[in-house]
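> Sharing a model that was predicted from the sequence below.
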Amino acid sequence: MRVLGIETSCDETGAAIYDSEMGLLAHTLHSQVAMHAEYGGVVPELASRDHVRKTIPLIRDVLTQADLSAQDINGVAYTIGPGLAGALLVGAMIGRSLAYGWNVPAIGVHHMEGHLLASMLEPSPPEFPFIALLVSGGHTQLIKVDGIGRYVQLGESLDDAVGEAFDKTAKLLGLGYPGGAALAKLAENGDEKRFHFPRPMIDRPGLDFSFSGLKTFAVNTAAEFGLDEKTRADIACAFQAAVVDTLIIKCRRALRQTGYKRLVVAGGVGANRMLREHLAEAMGKEGCIVYFPRHEFCTDNGAMIAYVGCQRLMAGEHAGLSMQVFPRWDLEGLS
Ligand code: KG4
Ligand code: ZN
């Protein structure tokens with residue numbers, strides 16, 4: 001089966017074609033980051049309008065890249081939540097209409113399920129069961145994954161998501177939006193010994209997280225020591241180290257608690273180099289293997305949506321003719 005996947009849940013338009021036999025045939029992405037940067041965050045109406053402009057040209061691009069025409073597509077998948085309502089509607093409307101016009105089945109996909117299974121696009125994908133660490137701009141979750149659609153949430157952030165904490169701290173340090181990658185770069189020049197940020201909630205049992213205190217700690221440190229170039233780098237370094245340590249401690253706890261031996265990282269913060277290196281090393285000591293999607297499949301993309309859509313369509317699921325999007329939608333609500 002060959003599935004066209006469309007992603008428009010936030011500020012990235014993605015399109016891809018996934019083939020159940022041959023794997024990923026083509027994928028492309030348009031990022032709106034530059035457009036939203038001057039507002040310091042995503043402007044929902046601008047996002048929707050840009051998806052309107054970009055989605056169909058990107059679908060044409062992936063068909064050309066894969067040297068296919070519309071008749072070669074056997075199903076269409078599109079993100080229906082969670083995300084920005086208007087943005088989701090654009091991709092869902094285009095995807096549902098194309099499926100109708102091409103007379104093939106359609107399927108709405110949960111954006112976080114896409115992230116969760118993005119590692120399946122890699123040459124050595126993980127086997128089930130595994131623990132997933134979902135770290136994006138909107139979510140921080142530890143999930144027990146026993147198979148496709150079999151998800152149990154073990155823990156989540158009680159306040160800011162990790163990506164959000166990165167972005168807010170980056171803003172304090174005068175970096176653009178979204179600032180996660182820029183903060184990580186700045187941290188490379190920092191002195192890791194100068195400041196020590198707390199590791200939130202590690203002395204409490206359970207697998208929940210809290211990251212808003214780290215941002216406050218950064219604000220207070222900046223108020224005391226100023227924001228000269230060296231101090232900015234030192235704060236970035238201390239902040240990143242605290243986040244990475246905290247995530248490692250909770251992942252280790254989740255693996256020990258379940259006895260699972262595989263950890264899969266997903267979501268935009270999964271692109272963080274320090275997290276990738278330290279997590280692989282620490283989990284290796286536990287006798288566990290860590291799986292990461294390649295950088296471009298950590299952040300939003302159409303490939304993960306095409307993959308999930310293909311699995312669900314092959315399992316016999318498909319959407320009816322009516323169309324609905326779900327801006328707020330728990331992963332556990334998926335059957
Ligand atoms: O998964 P994603 O693309 O979008 C959501 O669904 O949220 O994640 C975006 C988040 C942003 O907060 C961004 O700052 C963060 O991922 N991010 C990073 C890095 N690259 C992206 N955070 C830390 N280090 C990075 N290298
Ligand atoms: Zn995402």
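Nice, I can see it. Ligands and ions are numbered 1, 2, ... in the order given.
> Ligand 1 contacts on the protein?
Neighbours of ligand 1 within the chain, by C-beta under 6 Å from any ligand atom: 10, 136-138, 163, 166-167, 178-181, 184, 267-269, 271-272, 299-300. Using the backbone N, CA and C atoms, a C-beta is placed for each residue, glycine as well.
> mind listing which of these are in helices?
Assigned to helices by DSSP state H, the following of the residues of the chain next to ligand 1 qualify: Gly163, Phe166, Asp167, Gly180, Ala181, Ala184.
> In CSV: those residues, plus neighbour count, pLDDT and distance to Lys285.
Shown next, in CSV, are those (neighbours: other C-beta atoms under 10 Å; pLDDT from 0 to 100; distance: C-beta to C-beta, whole Å):
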residue, neighbour count, pLDDT, distance to Lys285
Gly163, 24, 97, 27
Phe166, 31, 97, 26
Asp167, 25, 95, 31
Gly180, 26, 96, 26
Ala181, 19, 96, 28
Ala184, 20, 98, 23
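> now the strands for the stretch 201-335 of the chain?
262-266, 289-291 (DSSP state E, counting those that start in this stretch).
> Is it possible to get JSON lines of these that adds distance to Cys310?
Rendered in JSON lines, the data for the strands of the stretch 201-335 of the chain read as follows (distance: least, C-beta to C-beta, whole Å):
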{"stretch": "strand 262-266", "distance to Cys310": "18"}
{"stretch": "strand 289-291", "distance to Cys310": "19"}
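> and of the ones you listed, who's closest to ligand 2?
strand 262-266 (8.8 Å; C-beta to the ion).
> Mind checking if that closest one is in reach of ligand 2?
No - Strand 262-266 stays clear of ligand 2 (C-beta under 5 Å from the ion), getting no nearer than 8.8 Å.
> That strand: partners in the sheet, and parallel or antiparallel?
Strand pairing for strand 262-266, determined by DSSP bridges: strand 130-135 (parallel), strand 289-291 (parallel).
> Name the stretch among these that sits most buried.
Of all the strands paired with strand 262-266, strand 130-135 carries the top mean neighbour count, a mean of 26, counting by mean count of other C-beta atoms under 10 Å.
> what's the angle between the helix of greatest length in the chain and strand 262-266?
Scanning the chain for the longest helix, with DSSP H as the assignment, gives helix 229-258. Angle of helix 229-258 versus strand 262-266, following axes from the mean of the first three to the mean of the last three C-alpha atoms, to 10 degrees, is 140 degrees.
> Could you count how many residues lie near Val145?
A count of neighbours around Val145, defined by other C-beta atoms under 10 Å, yields 22.
> Wait, a strand at it?
Yes - counting by DSSP: H, G, I helix; E, B strand; the rest coil, one finds Val145 located in a strand.
> isn't it right up against Val264?
Yes - under the criterion of C-beta atoms under 8 Å, Val145 makes contact with Val264 at 7.3 Å.
> Show me what counts as buried in the longest helix of the chain.
231-244, 246-248, 250-255 (16 or more other C-beta atoms under 10 Å).
> Stretch 112-132 too?
Result for stretch 112-132 [16+ other C-beta under 10 Å]: buried residues 112-121, 126, 130-132.
> Show me which residues of the stretch 151-300 of the chain sit near ligand 2.
Asp300.
> Tell me, domain by domain, which residues of this protein belong where.
As given by automatic domain parsing, the domain ranges for the chain are 2-117+297-333, 127-292.
> Please indicate which of those domains has the most neighbours on average?
The highest mean neighbour count among the domains of the chain, using mean count of other C-beta under 10 Å, belongs to domain 2-117+297-333: a mean of 21.
> how much distance is there from the helix-or-strand element of the chain with minimal mean pLDDT to the middle of the chain?
The weakest-scoring helix or strand in the chain, judged by mean pLDDT, DSSP states H and E, is helix 33-37 (a mean of 93). Helix 33-37 sits 18 Å away from the centroid of its parent chain (C-alpha atoms, centre = their mean, to the nearest Å).
> residues in contact with it?
Asp11, Val42, Val43, Leu46, Ala47, Asp50, Gly176, Tyr177, Pro178 (C-beta atoms under 8 Å, 6 or more residues apart in numbering).
> now swap in stretch 238-245 and tell me
Contact partners of stretch 238-245, identified using C-beta under 8 Å, 6+ apart, comprise 162, 165-166, 169, 183-184, 187, 190, 192, 194-200, 211, 214, 217-218, 221, 272, 274-275, 278-279.
> Equivalent analysis for stretch 91-99, please.
Contacts for stretch 91-99 (C-beta under 8 Å, 6+ apart): 4, 6-9, 13, 51, 55-56, 59, 70, 75-80, 105-106, 108, 319, 321, 323, 325.
> Now find how far off-centre that stretch is within its chain.
23 Å.
> could I have that stretch exported to CSV, CA atoms only?
What follows is stretch 91-99, C-alpha atoms only, in CSV (Å, rounded to 0.1, in the frame of the first residue of the first chain):
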residue,chain,number,x,y,z
GLY,A,91,-4.5,19.6,5.8
ALA,A,92,-7.5,17.5,6.7
MET,A,93,-9.7,19.3,4.2
ILE,A,94,-7.2,18.9,1.4
GLY,A,95,-6.4,15.3,2.3
ARG,A,96,-10.0,14.2,2.7
SER,A,97,-10.9,15.9,-0.6
LEU,A,98,-8.0,14.3,-2.5
ALA,A,99,-8.9,10.9,-1.2
